[in-house]
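Visitor: Just to be clear, the model below is a prediction. Sequence and coordinates:
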Amino acid sequence: ENSVSRPQTYGRVLGKAMLTVVVIYFMVATWGYIGLAGNVTDGSITAALTGKVSTGGLAAANLFCASAVLVSFPLQFLSAVQVLDTIFLDPIEETSHPRTYALKRDGLRAFVVLCCAGL
C-alpha cells in the first residue's frame, strides 16, 4: 500500500480488482453448473465429465487443473513468506551483509516451501 504512487486510491483499486475476480468466478461457476446440468455429486468436476467428453479432453482438463495449482503455488505463499521475513530477518543486515542476508532469506523460504509441500 505504501509503495504505490497514490496510496489514497489503493482501497478503490483493490475493491475493483476483487469485484472483477468475483464476477469472473461467478461466470465460470455458472457456466460449469449449466454445462454439467447440476450432476456433480462427489465434488470433482473433472470426474463429472466422464462420459461427456473424450478421454483426451478429460486428461487435458486434469492436466490444466494440476498445472494451474502448480504454477500458482509460489504466489499462494507470498504473504506468509513476507511475514516470516519480517519476523526472522534483520533489515539492517540486508545492507551491511547482503550475501549473508540473501542466504538466510533463501534458506527460510526453501524451508517454508518444503514444510508446506509436506516433504
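Guide: Received the coordinates, thanks. Numbers count the residues shown, from 1 in each chain.

Visitor: which SS class is the closest residue to residue 65 other than its chain neighbours?
Guide: In space, and not counting its chain neighbours, residue 65 is closest to residue 46: 6.6 Å by C-beta to C-beta, 6 or more residues apart in numbering. All C-beta atoms are positioned from the backbone trio N, CA, C, and that covers glycine. When classified by DSSP: H, G, I helix; E, B strand; the rest coil, residue 46 comes out as helix.

Visitor: how far away is the residue of the chain positioned farthest from its centre from residue 31?
Guide: Distance from the C-alpha centroid of the chain, by C-alpha atoms, centre = their mean, peaks at residue 96 (33.3 Å). From residue 96 over to residue 31 the distance is 55 Å, taken as C-beta to C-beta, to the nearest Å.

Visitor: Tell me where the longest helix sits in the protein.
Guide: helix 10-36 (DSSP state H).

Visitor: what's the offset of it from the middle of its chain?
Guide: 16 Å (C-alpha atoms, centre = their mean, to the nearest Å).

Visitor: tell me what that helix is packed against?
Guide: On a contact count with 3 or more C-beta pairs under 8 Å, 6 or more residues apart in numbering; DSSP states H and E, helix 10-36 meets helix 45-48.

Visitor: Now tell me what touches the next helix or strand after the helix it packs on from outside.
Guide: Heading C-terminal from helix 45-48, the first helix or strand you meet, by DSSP states H and E, is helix 55-76. With contact meaning C-beta atoms under 8 Å, 6 or more residues apart in numbering, helix 55-76 is reached by 46, 49, 50, 53, 113.

Visitor: Going by neighbour count, list what's buried in helix 55-76.
Guide: The neighbour-count check on helix 55-76 (16 or more other C-beta atoms under 10 Å) flags residue 58 as buried.

Visitor: for the following helix or strand past that helix, which positions count as buried?
Guide: Next along the chain after helix 55-76, taking DSSP H and E as the criterion, comes helix 78-88. For helix 78-88, the neighbour count (16+ other C-beta under 10 Å) marks 84, 85 as buried.
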